[in-house]
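Asks: model this:
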Amino acid sequence: MKIDDLRKLRDAYFEEEEYLKSMEQCVELAAGHNEELTFDDIFKKGLCHFKLEEDAEATGCFNKALEKEPDNVMALTNKGICLYNLGRIQEAFEIFNRAVKINPNVFPPYYYIGMYYMRIFQETGDLQAMEKLVNAYRPVLAQAPDFGPLLMYDPNKDADYTLDLFLMLHDNVKEMSIDELTAL
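Replies: Numbers count the residues shown, from 1 in each chain. From the prediction side, this is the model:
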C-alpha cells in the first residue's frame, strides 16, 4: 500500500476512535516506509499508544518525534502527560516547564503544572504550592474557557469547585511570571 493511503487510513481510524486499527496502520507505515517517516507519523503513533493507555510506548514515540522537532509543544506536552501517568512526576514537571517557556499560549502544560502543585500542596500543605497552583490555572481558563466545568478539589475548603469558581475564590493570589510559576 502507498504511504499516503496508509496515512489516510490511519487518520480515518483515529478520527473514528478506532485506535487499535489506527495503530496497525502506524506499524505498517513504519515497516514499509521507515526512512520516509515524518514527525507527524511518529507523533500520531505516540497518540495511538496514548489512547490505548500504553504510556511507556507513547513516551518512546514522543521522544523519537522530538528528535525531529525538539521544540514541538504538543509532543512535549504529550510526553509529559505520559511521564506523569507513569509516576515520573518530576520529569513531567520539567517537560511542562519547557513547553510553556517555548509557547506560553498553549494551555495543557499549565494544567499539568497545576496538578503538580496540587500534589505538593496536598502532601505538604505548602501555601506557596497553592499560590503556584492557582496561577498555573489562570492561563488554562483564559485560553480555554470551556475547560472551566472541570471540577477542582480545594483541600482548604474540603470541597469541589469548577475551575473558574476555584480561581475566583483564590483571586487574592498575585499573578506570577512564567519563570516564577515554573521554578521549584
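Asks: only C-alpha atoms from now on, for both contacts and neighbour counts.
Replies: Noted.
Asks: local confidence estimate at the nearest residue to residue 144 once chain neighbours are set aside?
Replies: Using CA to CA, 6 or more residues apart in numbering and skipping residues adjacent in sequence, the residue nearest residue 144 is residue 107, 7.2 Å away. pLDDT recorded at residue 107 is 90.
Asks: now do the most centrally placed residue in the chain against residue 48, distance only.
Replies: Centroid-nearest residue in the chain: residue 77, 3.7 Å away (criterion: CA atoms, centre = their mean). Residue 77 is 15 Å from residue 48, where distance means CA to CA, to the nearest Å.
Asks: next secondary structure after the helix or strand hosting residue 77?
Replies: Using DSSP states H and E, residue 77 falls within helix 73-85. Next helix or strand after helix 73-85 toward the C-terminus (DSSP H and E): helix 89-102.
Asks: what's that next one packed up against?
Replies: helix 73-85, helix 108-124 (3 or more CA pairs under 8 Å, 6 or more residues apart in numbering; DSSP states H and E).
Asks: so who does the closest residue to residue 13 other than its chain neighbours touch?
Replies: Nearest residue to residue 13, sequence neighbours excluded (CA to CA, 6+ apart): residue 22, at 5.0 Å. With contacts defined as CA atoms under 8 Å, 6 or more residues apart in numbering, residue 22 is in contact with 9-14, 48.
Asks: so which of those are in strands?
Replies: Among the contacts of residue 22, no member falls in strands (DSSP state E).
Asks: which of these are buried?
Replies: 9-11, 13-14, 48 (16 or more other CA atoms under 10 Å).
Asks: domains in this structure, by residue range?
Replies: 1-70, 89-184 (automatic domain parsing).
Asks: redo those domains as JSON lines? Include distance to residue 81.
Replies: Converted to JSON lines, the domains of the chain look like this (distance: least, CA to CA, whole Å):
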{"stretch": "domain 1-70", "distance to residue 81": "9"}
{"stretch": "domain 89-184", "distance to residue 81": "7"}
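Asks: can you give me the distance of the residue of the chain most remote from its centre to residue 23?
Replies: Centroid-distance maximum for the chain: residue 1 at 33.1 Å, with CA atoms, centre = their mean. Between residue 1 and residue 23 the computed distance is 16 Å (CA to CA).
Asks: repeat for residue 99
Replies: 26 Å.
Asks: so how far is residue 13 from the spatially closest residue to residue 52 that is not a sequence neighbour?
Replies: Distances taken as CA to CA, 6+ apart place residue 19 nearest to residue 52, at 6.7 Å, with adjacent residues excluded. Using CA to CA, residue 19 is found at 7 Å from residue 13.
Asks: how many residues are close by residue 159?
Replies: Using other CA atoms under 10 Å, residue 159 has 11 neighbouring residues.
Asks: identify the bridge partners of it.
Replies: With DSSP bridges as the criterion, residue 159 is bridged to residue 154.
Asks: what about the closest residue to residue 97 other than its chain neighbours, how many neighbours?
Replies: Distances taken as CA to CA, 6+ apart place residue 182 nearest to residue 97, at 5.6 Å, with adjacent residues excluded. The number of residues packed near residue 182 is 19, by other CA under 10 Å.
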